[in-house]
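Peer 1: Turn this into a model:
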Amino acid sequence: MKVIGLKETNLDACVNEAQRERIVITRNGKPVALVVGIEGLDAEQLELGSNPAFWELITRRRRQRTITRAQLEERLRLSGKSKPSATEQRVASHTSGRKKGSRRRG
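Peer 2: Have a look, this model is predicted:
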């Protein structure tokens, strides 16, 4: 994090520098603003990044007990209810909408 006095910078320089690290702007030696670069982020990322409900959800999920992928696969194998793979789902969705003999010929 870089600290810059308000009188020592301009907005353009500050924005450029903020793409590499956070910039604290001070006035009379006291922090008055934080400039954070967001180049490359989309609107959804910006919205989620500043949404308290989203971060509460993340915090709750991080407290939950986790299992490894191997443990998950073993549970699915034992339950006999494994879901179809992505490839199987794609094939099913492409063929389910077709009706036999519905092609126009002519």
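Peer 1: Could you say which helix or strand holds the residue nearest to the spatial centre of the chain?
Peer 2: Centroid-nearest residue in the chain, with C-alpha atoms, centre = their mean: residue 45, separated by 5.9 Å. Using DSSP states H and E, residue 45 sits within helix 43-49.
Peer 1: Contacts only, for residue 22.
Peer 2: Neighbouring residues of residue 22 by C-beta atoms under 8 Å, 6 or more residues apart in numbering: 1-2, 34-36. From N, CA and C alone the C-beta is placed, and that goes for glycine too.
Peer 1: Could you tell me which ranges of the protein sit under the pLDDT cut-off?
Peer 2: 81-106 (pLDDT under 70).
Peer 1: And the strands in it, which stretches?
Peer 2: 2-5, 23-27, 30-35 (DSSP state E).
Peer 1: Mean neighbour count, the ones you listed: which tops it?
Peer 2: Stretch with highest mean neighbour count among these: strand 23-27 (a mean of 16; mean count of other C-beta atoms under 10 Å).
Peer 1: got the contact list for that one?
Peer 2: The list of residues contacting strand 23-27 from outside it, by C-beta under 8 Å, 6+ apart, reads 1-6, 9, 14, 17, 31-36.
Peer 1: Identify the farthest-apart pair in the residues you listed.
Peer 2: Largest separation among these by C-beta to C-beta: 5 and 36, giving 18.4 Å.
Peer 1: Walk me through the domains of this protein.
Peer 2: Per automatic domain parsing, the structural domains of the chain span 1-40, 41-78.
Peer 1: deepest of those, which one?
Peer 2: domain 1-40 (a mean of 12).
Peer 1: Off-centre distance for that one?
Peer 2: Relative to its chain's centre, domain 1-40 lies at 25 Å (C-alpha atoms, centre = their mean, to the nearest Å).
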